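K.L.:
Below are the sequence and a predicted model for it; my questions follow.
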There are 2 protein chains.
Amino acid sequence: MSLVRVHNFSVSLDGFSAGADQSGEAPFGHAGQRLVRWFMGTRSFHVTTGQEGGSTGIDDAFARNWGPGIGVEIMGRNKFGPQRGPWTNEEWKGWWGEEPPFHTPVFVLTHHLRPSIEMKGGTTFRFTDARPAQALAAAKEAAGGLDVRIGGGPATVRQFLAADLIDHLHVVIVPIVLGRGERVWDGLEELEQRFDVEAVSTPSGVTHLTFTR
Amino acid sequence: MSLVRVHNFSVSLDGFSAGADQSGEAPFGHAGQRLVRWFMGTRSFHVTTGQEGGSTGIDDAFARNWGPGIGVEIMGRNKFGPQRGPWTNEEWKGWWGEEPPFHTPVFVLTHHLRPSIEMKGGTTFRFTDARPAQALAAAKEAAGGLDVRIGGGPATVRQFLAADLIDHLHVVIVPIVLGRGERVWDGLEELEQRFDVEAVSTPSGVTHLTFTR
């Protein structure tokens, strides 16, 4: 049975998983790299970005689960880019250059549709204004029996959790107080009761939580 | 040099360290025992409450640091009791029975003063409407060179953190989404930059964080 999975989803102590004031120069807003530093130290990240080295400990063990078995990613528009409202031009093709790391179809949830974009390496951005359950049905269709990853950002993960559509949630608690940005847990009271929860902290200072059902 | 310490301070994933709707029957409000269950399993808690048994692992190693070296506790009025506003009577002597576990002076921060209450076993509740820094100065005076513990609840811990008065903060991240109650991290953006932070998760599923300076 194909699963719906979230991986490497960093959250601050105060429940923010994106900073405020996202822009073209600041994909994570005022959070900068503080939420993703644990990930940037891993071999997985180094390989993806064409660098040597990187840690191969617990952080990397989690990080490398991101790719295998995934047939489609669904992401929110705020993960795709810093624009809001109607597209003023269609030049923007995401943050990831000509060959994004997804290598699958990527459904971008947005009220502002535009034509699909075929990138190098198998990534195709497809824009849809479907609700979570409908988007997921289409994603599963496109995934050919493989799993679907909900890629973020916070609003997208929150909506899929609220609709009880997620089977595996990997959250990384980063011990920082972000103060502002987008919260992920709002409206999800007693979420833990739907899952088995495990926790492990690592030398980088973060704590990996897995919610499994 | 005497330190100002916080111990065993449980916080949910969404940043709440007390539930909503505290009452005489529900000291933790709608959170019930969910935030303190890790603690109730420890030998420390069992000893305090006159029970046999209890775990002596990592949770207990942290829990037992609560008492040693402490000369005074400062707590907020909402930790002391469920009443709000002026005291309608002065019968209430805290949740802890005739012999509370503090065994030191306990300063209760409140705008509604009342006479001190001397309890069995060395605990004396003293009521003060001083601001955090002034209350701390008086507490240090009374502590006779020992450390001062900030006992909670969330508003009290938050105020002392905001005033940069805390030297050691032990927070326990409980992997639950509480949804409502009192948040501890509000207004403390970049708190982590003032401390060295360590994390360890335990088999009970919680993660202990220490903020040390």
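P.N.:
All right, it came through fine.
K.L.:
Residue A:11 and residue A:158: what is the separation?
P.N.:
Distance of residue A:11 to residue A:158, given as CB to CB, to the nearest Å: 11 Å. Just so you know, the C-beta spots here come from the backbone N, C-alpha and C atoms, and that holds for glycine as well.
K.L.:
Secondary structure class of the spatially closest residue to residue A:117 that is not a sequence neighbour, three-state.
P.N.:
Excluding the flanking residues, the one nearest residue A:117 by CB to CB, 6 or more residues apart in numbering or on different chains is residue A:125, at 4.4 Å. Classification of residue A:125 using DSSP: H, G, I helix; E, B strand; the rest coil returns strand.
K.L.:
which ones are touching residue A:125?
P.N.:
Neighbour list for residue A:125: A:80, A:93-94, A:106, A:108, A:116-117, A:119 [criterion: CB atoms under 8 Å, 6 or more residues apart in numbering or on different chains].
K.L.:
What's opposite it in the beta bridge?
P.N.:
residue A:106, residue A:117 (DSSP bridges).
K.L.:
measure it to chain B for me?
P.N.:
31 Å (CB to the nearest CB, to the nearest Å).
K.L.:
before we move on, what about residue A:118?
P.N.:
Residue A:118 is 39 Å from chain B, by CB to the nearest CB.
K.L.:
Can you give me the neighbour number for the residue lying closest to that residue once chain neighbours are set aside?
P.N.:
Distances taken as CB to CB, 6+ apart put residue A:124 closest to residue A:118, at 5.0 Å, once the chain neighbours are dropped. Counted with other CB atoms under 10 Å in any protein chain shown, residues neighbouring residue A:124 total 17.
K.L.:
Identify the residues contacting residue A:124.
P.N.:
Contacts of residue A:124 (CB under 8 Å, 6+ apart): A:105-106, A:116-118.
K.L.:
what's the single longest helix in chain A?
P.N.:
Counting by DSSP state H, the longest helix found in chain A is helix A:132-143.
K.L.:
as a whole number, average confidence for it?
P.N.:
For helix A:132-143, mean pLDDT is 98.
K.L.:
so how far is it from its chain's centroid?
P.N.:
16 Å (CA atoms, centre = their mean, to the nearest Å).
K.L.:
which residue ranges form the strands in chain A?
P.N.:
Counting by DSSP state E, chain A has strands at residues A:4-12, A:16-18, A:70-76, A:105-109, A:117-118, A:124-128, A:147-152, A:168-174, A:182-183, A:196-201, A:207-212.
K.L.:
next one: phi and psi at the residue lying closest to residue A:26 once chain neighbours are set aside?
P.N.:
Distances taken as CB to CB, 6+ apart put residue A:32 closest to residue A:26, at 7.1 Å, once the chain neighbours are dropped. Dihedral pair for residue A:32: phi 50, psi -140, per degrees, to the nearest 10.
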